[in-house]
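*Asks:* coords below, sequence missing:
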Ligand SMILES: Nc1ncnc2c1ncn2[C@@H]1O[C@H](COP(=O)(O)O)[C@@H](O)[C@H]1O
Ligand SMILES: Nc1ncnc2c1ncn2[C@@H]1O[C@H](COP(=O)(O)O)[C@@H](O)[C@H]1O
Ligand SMILES: Nc1ncnc2c1ncn2[C@@H]1O[C@H](COP(=O)(O)O)[C@@H](O)[C@H]1O
Ligand code: NA
Ligand code: NA
Ligand code: NA
């Protein structure tokens, strides 16, 4: 317990988290500090390329264990299932229309890559080992939630408007999924020889890129939050309690299937995280009537900071308690 | 003396300075070489994040000395005071209108972050120690000059137009000040543990970023200079003699207060430097009638190259002579 | 032979090549993965700055050998001569109009910097030494081909339209030539002292930048290829056989003049490579009637991938066979 | 110098549907157009600002010079489109050189 | 297909004052607008070019479709504004679909 | 509030020739203009899309408010230009404030 608290404090004093808080503060007080849009996109590319590649090299070293299939199964189940739960809760506690509730639910079924990065950094510092192949599980969890949401919303505009192709491409060929899986395969194929060329880039340079990206995320989250008009108390409560529920659900499934503690912790973090890149873009095509003021604000400006600062140490401690 | 000359030559043959000269040459001969705007802004962010963070970590190691308060006092005095001197000189020797003279004066009271970076690199190579907290002094010196200039100009358009809020935000929440101070605090809080994660990024990667940024500064300075229409001899003389005067002023104050030689050298370099990012942006809101063709050309295309190539070794040698 | 095959396979399993193939696949299947334009341009700047600088430092270490003059002579001859051969072949085998044929020919006389980078990486892995000054030969070979093409096209619109100045600037002060030569001189002047500051940036960071750039090249090449309307079988055959012919020509000249095997291999790779940055920009001014759908598709989407994946190991093996 | 009367279409839509609208233009017989980026905007569906992380909400302005008949065909097609998607369209009179290009 | 006559406003101002001008629009009752970036320009206050390091001088083009009355209100407000700040404004006739949107 | 009738020129050309066309404007007496970026386009010389690596094919839209005589001079000069280079130009009626600026 004391140890958990100490680790949580260590998490808080990491440059990455501190720069996120700096960005948040600067955004909240309307500083004109901004990261150019092209730069933010490029930083995201570097993050995905690096974590995919590192995961692939590690998977090449360790080989695929049976745990991979189990983790993939749990991940897919959660990505499909969480939106149904989230949709039910949202309809019950808020006055969101059906479409916006479905779109929001999709975000919580999918995952946040930066939360994954921060979470795995924290697990490493805490000395909790997990499989490099978990990167592939991240990619698997990105899109099923979108299908659940479409069913919940009773179909979308994309069909009527002949935009099915765009939607399919957005979902199946989504840039972040392709890059994550692709970089994973590159790492798998080029192995330690490849790593010898890339290790400075995906290691210490990556730390700097992460810090810059989190600074930007802080700015953006704060701006979104302070511009939010449609934020009600029930919605904010949802954005904090839903991740907790999802992580509990995930830990239960992991216990049931006998996953390793490290992989279970990663899955709990992924389950709790909400998408803010892949899913919103898909929603603009699939459900253009849904209100981005709701779903982006909740996932990006409430759930993401919560997970980053409090959630990650919490899910890790819970896993230790349950699996230890 | 011989040693100073040798150090000055070493300064000239640094990749950073050579790439600046390369950019300057390419810009002067109208090569189409350009650094994309978003990239230039991102490089500036990386520079400020890195120097702020490094300064904070060093300050955490060494603790705050009494010299910090003295240096801050000298810095604030100079930032408020230099514009008054500069304004007087400009009105005397040139035919600049009141508003343009005041805006130009503001630039010379404020500071240039890249000059600071190049200066401290030079001091390190020369073996002159100074306090990591000087980064905080840089941030303190950025904005007081703007207030002096507003008073000298007799108020600006911002008040009439209901733009006071924008101006305040531009000044007090200016992105570069916020990032510099924020990164300093991050470094202070995360200390050596944080440094262990960031050292490659803020060290060797920083060198590359600095080189790219100086290449761009060279391009931009040369383009500005060759497009300058409003450049008269008295103005050019001002842009070279004003930094000399400011550094002498700064050294005098430092001697008076008994600052350490290293900190006095840093202050002399800061006093001599002129702003070309924070202040011009504020002037577009506060004094839109002032002519950017004057103030940007002088600070960016005359004073900055002068300081980079000749000024820094000069101020360092002068400090050594006075304090040695 | 076995060794060559093994090296070719090593080439294929390099992260750089694998990321190129990943980009190509993502582009072919119309994934929305993209590298922001500003980022792509910045990556290109970093590549040129790094290889220029490294070449300069190596040249400072080794001194200029007589081989440099010979290599420069071969390079210039090829850049002037290859367009004439290419133009003849194109007019013979395709129905391209005179202007488009001339513009396409110019691309094959000039060189591709990324092919040079990948080629020299391959030579390093294969243990084949070559002169650092070959970077200067790259710069020499960039532009003569444009002059040949203008003569072949019987002059262009630039003269009629008073755009000769723009054309001259595009050719003589072309950003990539200036940066390459400039960075080479910086490396030459700052030598090992400069290298000690830059080595992480131009070394391991460079590897990451190269990987990102090749990912983007893959995306772009595939998009171009799948959008190509004007691609006929003879043109595709040209884009594959022309590099082979050029490399044979280059190897012949190198043998004749008694170049070192390493320099001969570099020249063969350069001869085979086709421009897709400097020359197309010049052609939009000089020969605006020429069809970019032809020249860019051939050089970028056919010749570049061919050289990257198959050509480089092939030319290296051929050099070894001839010079060994 | 000879000028011909044509129509100018300006259509603002969200980036993810840009290709779809470009397809409408091509089907309606538009022979040329240019797409401009945008940085911010406001409308019935709320405010947005590039850099505020509003993926999918960035707008594009499509600028096309066309004949009156083509303009009518495009607008008819767009009426359906705008029933579901945010955006606006406007048409105005212009004069162009080389009228046969349009 | 039914078109309504409206006015198009095109206002060019510097980036730092953009939010202020957007506030004018909102006050004057403009219900929607779009902001476009720009790369270079020239005017009474000199030439500028993005990338030439002219912080605060980049221009924004605000594009707004409005009714005649709203256009008048905006222009009246801008007359004051342009007394102090660089920039230009133009108004022209357009036809739009869904006239009730504006 | 007093408005004056002027002409609006919109000229689309490729980036490498932008400075040349800006020189035409200055020669023809245009006192101010603004250059906008573009992202994609289509025309007789084919389709292009920024990010698709089409160096030299990116287009710029030059926006200039001018008097009728100046518009005529610019268009006359451009007629020659467009014989060799891709691009389009259109002119339309606008009303501006501070008519003496143009
Ligand atoms: N009256 C208008 N004038 C210019 N642009 C508009 C106007 N109305 C809407 N827009 C643009 O179209 C987008 C979607 O509009 P809307 O359908 O009203 O939500 C807005 O975000 C603006 O960028
Ligand atoms: N006649 C014009 N047509 C188009 N844009 C203009 C015109 N005049 C000025 N501008 C733009 O408005 C900015 C400020 O103009 P000015 O207030 O005349 O200095 C210029 O830099 C241009 O971007
Ligand atoms: N009718 C048009 N409306 C708007 N832009 C056009 C039009 N025709 C051509 N363009 C633009 O001008 C460029 C060159 O056109 P073109 O000369 O027809 O090849 C195209 O790529 C478009 O960006
Ligand atoms: Na989730
Ligand atoms: Na100063
Ligand atoms: Na070649």
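*Replies:* Here it is on my side, so go on. Just so we're clear, the structure is a prediction, and the values are computed from it rather than from any experiment. Ligands and ions are numbered 1, 2, ... in the order given.

*Asks:* now do the buried residues in stretch A:252-271.
*Replies:* A:253-254, A:259-271 (16 or more other Cβ atoms under 10 Å in any protein chain shown). Every C-beta, even on glycine, is put in place using the N, C-alpha and C of the backbone.

*Asks:* residue A:104 contacts residue A:86, correct?
*Replies:* Yes: with contact defined as Cβ atoms under 8 Å, residue A:104 reaches residue A:86; the gap is 7.0 Å.

*Asks:* hey, which helix or strand in chain A has the poorest pLDDT?
*Replies:* helix A:157-160 (a mean of 64; mean pLDDT, DSSP states H and E).

*Asks:* tell me which parts of chain D are close to ligand 3?
*Replies:* Contacts of chain D with ligand 3, taken as Cβ under 6 Å from any ligand atom, map to D:31, D:32, D:33, D:34, D:63, D:64, D:65, D:102.

*Asks:* distance check, residue A:204 against chain B.
*Replies:* Note on residue A:204: its distance to chain B, by Cβ to the nearest Cβ, to the nearest Å, is 3 Å.

*Asks:* OK, contacts around the residue lying closest to residue D:74 once chain neighbours are set aside?
*Replies:* In space, and not counting its chain neighbours, residue D:74 is closest to residue D:28: 4.6 Å by Cβ to Cβ, 6 or more residues apart in numbering or on different chains. With contact taken as Cβ atoms under 8 Å, 6 or more residues apart in numbering or on different chains, residue D:28 is in contact with D:70, D:73, D:74, D:77.

*Asks:* pop out the phi and psi values for the nearest residue to residue D:59 once chain neighbours are set aside.
*Replies:* Nearest residue to residue D:59 in three dimensions, chain neighbours excluded: residue D:38, at 4.6 Å (Cβ to Cβ, 6+ apart). Per-residue torsions, residue D:38: phi -140, psi 170 (degrees, to the nearest 10).

*Asks:* state the distance from residue A:200 to ligand 3.
*Replies:* When distance is defined by Cβ to the nearest ligand atom, to the nearest Å, residue A:200 is 42 Å away from ligand 3.

*Asks:* I should have written residue D:83 there, sorry.
*Replies:* Distance of residue D:83 to ligand 3, computed by Cβ to the nearest ligand atom: 26 Å.

*Asks:* next one: residue A:57
*Replies:* On the measure of Cβ to the nearest ligand atom, residue A:57 and ligand 3 end up 44 Å apart.

*Asks:* ok, the single nearest residue of chain D relative to chain E - contacts?
*Replies:* Across chain D, no residue is closer to chain E than residue D:43, which sits at 3.7 Å (Cβ to the nearest Cβ). By Cβ under 8 Å, 6+ apart, the contact list for residue D:43 reads D:86, D:88, E:31, E:32, E:33.

*Asks:* quick one: least confident of those?
*Replies:* When the contacts of residue D:43 are compared by pLDDT, residue D:86 scores lowest at 84.

*Asks:* can you list contacts of the worst-scoring helix or strand of chain D on mean pLDDT?
*Replies:* Within chain D, confidence by mean pLDDT, DSSP H and E is lowest for strand D:46-49 among all helices and strands, at a mean of 78. Residues from elsewhere that reach strand D:46-49 (Cβ under 8 Å, 6+ apart): A:227, A:291, A:292, A:293, D:39, D:40, D:41, D:42, D:54, D:57, D:58, D:59.

*Asks:* neighbours around the first one, how many?
*Replies:* Other residues near residue A:227 come to 15 when the count uses other Cβ atoms under 10 Å in any protein chain shown.

*Asks:* quick one: it from residue A:29, how far?
*Replies:* 14 Å (Cβ to Cβ, to the nearest Å).

*Asks:* what's the answer for the fourth one, then?
*Replies:* Using Cβ to Cβ, we find residue A:293 at a distance of 22 Å from residue A:29.

*Asks:* which one of the two has more residues nearby?
*Replies:* residue A:293 (20 against 14).

*Asks:* the helix or strand harbouring the more buried one vs ligand 1: in contact?
*Replies:* Applying DSSP states H and E as the criterion places residue A:293 in helix A:292-296. No: judged by Cβ under 6 Å from any ligand atom, helix A:292-296 and ligand 1 are separated, with a smallest distance of 11.4 Å.

*Asks:* per-residue confidence for the nearest residue to residue A:143 once chain neighbours are set aside?
*Replies:* Ranked by Cβ to Cβ, 6+ apart and with sequence neighbours excluded, the top spatial neighbour of residue A:143 is residue A:171, at 5.1 Å. pLDDT recorded at residue A:171 is 73.

*Asks:* I'd say residue A:171 and residue A:283 touch.
*Replies:* No: counting by Cβ under 8 Å, residue A:171 sits too far from residue A:283 to count as a contact (10.8 Å).

*Asks:* now do the shared contacts for those two.
*Replies:* In contact with both residue A:171 and residue A:283: residue A:146, using Cβ under 8 Å, 6+ apart.

*Asks:* more neighbours: these two, which one.
*Replies:* Shown here are residue A:171 and residue A:283; by other Cβ under 10 Å, residue A:283 has more neighbours (34 against 21).

*Asks:* quick check, that one in contact with residue A:291.
*Replies:* No: in this structure residue A:283 lies outside contact range of residue A:291 using Cβ under 8 Å: 10.0 Å.

*Asks:* give me the common contacts of these two.
*Replies:* With contacts taken as Cβ under 8 Å, 6+ apart, the residues that reach both residue A:283 and residue A:291 are residue A:103.

*Asks:* so residue A:104 and residue A:86 - more neighbours on which side?
*Replies:* More crowded of residue A:104 and residue A:86, by other Cβ under 10 Å: residue A:104, with 32 against 27.

*Asks:* stretch A:100-120: how far from the chain's middle?
*Replies:* Taking Cα atoms, centre = their mean, to the nearest Å, one finds stretch A:100-120 lying 4 Å from the centre of the chain it belongs to.
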